[in-house]
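Colleague: structure of the sequence below:
(one chain, ligands or ions: 2)
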Amino acid sequence: MVSEPAAFGVSGDGVDQRPSLVSFVPGALPLSGYRRTQVAHWLYQTGVGSIERMTNLPGELRNELSAAYRLSEFRETHGFQSADGSVKYLFTLNDGQQTEAVYMPYEGRTTICISSMVGCPAGCSFCATGYMGFSRNLSAAEIVDQLLVAAREWGHSPREIRNVVLMGMGEPLLNLNNVLAAIRRLLDPSALDMSPRRITLSTVGIPPGIYRLAEEDLGVKLALSLHAPDEETRKKIIPTAHRYGLAEIMEAVRHYYARTRRRVTLEYTMLEGVNDHPWQARMLGGMVQGLTAHVNLIPFNAWPGAPVRGSGQEQIRAFAEVLKGTGIDVSVRWSRGRDVGAACGQLAAGRADR
Ligand code: SAH
Ligand code: SF4
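Modeller: Ligands and ions are numbered 1, 2, ... in the order given. This next block holds a predicted model:
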């Protein structure tokens, strides 16, 4: 759909040597404050498709900027429309790698689910992204640009996207410096001016990253991918559970709440015969007591080759009932975009899902 022509500075291997404008704006562009504000306005408020269209800049400056910068981080973008209204965007990065975002333009609440990596090193058994392995971290600009390009494709201002979830490809707390820089850009009044309450970072549970995020005090919401209340089950499906135990993770989560006063979400993907037993629901209920948290049950989204199966609706309902009986707050999240491989855990850049 969008394909930025790489007219200048393209090396033999097709890599455009120019930095992207997104990686410089608003702060670091070598222009006067006034011009920088104009460019930032085009990028983050208007959502312009090319430097040439920044019509209040002098023609000569537009030419200079076009020679020195690409507009976007992405070489190409393809959108896959789901019957439920969500759109999966597949982005080809400047080095030819690919990553994805899911845009959910629903009335009154437009949300984008963005990626922090190409692939993921965590290797969770139920996740298509984990199955494809890890290629590389995304830069802060590559993280932010997913939102800018998705809005542009949709014909909206980037500022109309008011909710961001870092739940796409990758483990954000294992790419923390870039993720923090991207979040700052989302919050920056001269960039996207978002509210931190509308940004959710989802993690598989990396305690040092959770502490660091708490110290940064950005006010974003935290979601923990728990998926099992007992160590043994968790280790079976989440390799990083061998490194970080539940006690240590939950301590970090409690610290996050104490520091930020943001209610934490515990995500729990329902896997048949693995983590959907009533005793696990009771154990989970016990774990959550005294924690200001909310449990989100996620029906498993299937992908070809997955070594696990999802729990049936009846099982999910029964599990939720037991949990509710323990007095905790629980909801079931039916994912969007399953038909185009855009649902949670189906993101694998065209490898496992199409
Ligand atoms: N790496 C982070 C964020 C990306 S995964 C994390 O693990 O939290 C986003 C959410 O989708 C996580 O809760 C993850 O466990 C869940 N998920 C992964 N694969 C899934 C699948 N096939 N079906 C349903 N949910 C899945
Ligand atoms: Fe990585 Fe999250 Fe998938 Fe696990 S669930 S492999 S941490 S993206």
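
Colleague: wait, E171 sits on I206?
Modeller: Yes. Applying C-beta atoms under 8 Å as the test, E171 and I206 come out as touching, 6.9 Å apart. Every residue, glycine included, has its C-beta placed from N, CA and C.

Colleague: neighbour count: those two, which is higher?
Modeller: E171 (27 against 21; other C-beta atoms under 10 Å).

Colleague: what sits against that one?
Modeller: When the contact criterion is C-beta atoms under 8 Å, 6 or more residues apart in numbering, the partners of E171 are 116-117, 120-122, 203-204, 206.

Colleague: do you know the pLDDT at it?
Modeller: Confidence per residue is given as pLDDT, and for E171 that number is 98.

Colleague: apart from its neighbours in sequence, what residue is nearest it?
Modeller: A122 (5.0 Å; C-beta to C-beta, 6 or more residues apart in numbering).

Colleague: mind checking the SS state of that neighbour?
Modeller: Local secondary structure at A122 is given as coil here, using DSSP: H, G, I helix; E, B strand; the rest coil.

Colleague: ditto for H227
Modeller: H227 carries the three-state label coil when classified by three-state DSSP.

Colleague: any idea how far the residue of the stretch 151-300 of the chain found nearest ligand 2 is from C127?
Modeller: Among the residues of the stretch 151-300 of the chain, V204 lies nearest to ligand 2; the distance is 3.6 Å by C-beta to the nearest ligand atom. Distance, V204 to C127, by C-beta to C-beta, to the nearest Å: 9 Å.

Colleague: shared neighbours, these two?
Modeller: What both V204 and C127 touch, as defined by C-beta under 8 Å, 6+ apart, is an empty set.

Colleague: quick one: the helices in the protein, in order.
Modeller: Taking DSSP state H as the test, the helices found in the chain are 33-40, 59-68, 128-132, 140-154, 176-187, 207-216, 231-237, 246-260, 278-288, 313-325.

Colleague: in TSV, list these along with distance to F300.
Modeller: Listed next are the helices of the chain as TSV, based on distance: least, C-beta to C-beta, whole Å:
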stretch	distance to F300
helix 33-40	42
helix 59-68	47
helix 128-132	11
helix 140-154	25
helix 176-187	26
helix 207-216	25
helix 231-237	11
helix 246-260	21
helix 278-288	15
helix 313-325	10
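
Colleague: relative to V288, how far out is the residue most central in space within the chain?
Modeller: The C-alpha lying nearest the average C-alpha coordinate of the chain belongs to L166 (C-alpha atoms, centre = their mean; 2.4 Å). Note on L166: its distance to V288, by C-beta to C-beta, is 23 Å.

Colleague: sorry, back to before: residues near the residue nearest to E171, how many?
Modeller: As a burial measure, A122 scores 23 neighbours (other C-beta under 10 Å).

Colleague: same check, this time on the one 4 residues further on
Modeller: Here the number of neighbours of F126 (other C-beta under 10 Å) works out to 26.

Colleague: isn't it right up against V308?
Modeller: Yes. F126 lies in contact with V308 (C-beta under 8 Å); the separation is 4.9 Å.

Colleague: identify the contacts common to those two.
Modeller: With contacts taken as C-beta under 8 Å, 6+ apart, the residues that reach both F126 and V308 are 237, 271, 300.

Colleague: return the member of those residues nearest to P58.
Modeller: Within these, proximity to P58 (C-beta to C-beta) peaks at F300, which comes in at 55.3 Å.

Colleague: before we move on, back to that, among the helices of the chain, which is nearest Q98?
Modeller: Ranking these by their distance to Q98 (criterion: C-beta to C-beta) puts helix 128-132 first, at 10.3 Å.

Colleague: how about the residues of this structure by ligand 1?
Modeller: Residues of the chain lying close to ligand 1 (C-beta under 6 Å from any ligand atom) are 126-127, 167, 171, 202-204, 225, 267, 269, 298, 300-301, 344-345.

Colleague: L90 and ligand 2, how far apart?
Modeller: Relative to ligand 2, L90 is positioned 16 Å away (criterion: C-beta to the nearest ligand atom, to the nearest Å).

Colleague: and the pLDDT at that residue?
Modeller: With respect to pLDDT, L90 scores 96.

Colleague: just give the nearest non-adjacent residue to it, would you?
Modeller: The shortest distance from L90 to any non-neighbouring residue, by C-beta to C-beta, 6+ apart, is to H78 (4.7 Å).

Colleague: interface residues of the protein facing ligand 2?
Modeller: Selection of the chain residues close to ligand 2 by C-beta under 6 Å from any ligand atom yields 120, 122-124, 127, 129-130, 170-171, 204, 225.

Colleague: for the residues you listed, which one is nearest Q97?
Modeller: Closest approach between the residues of the chain next to ligand 2 and Q97, by C-beta to C-beta: G170, at 12.0 Å.
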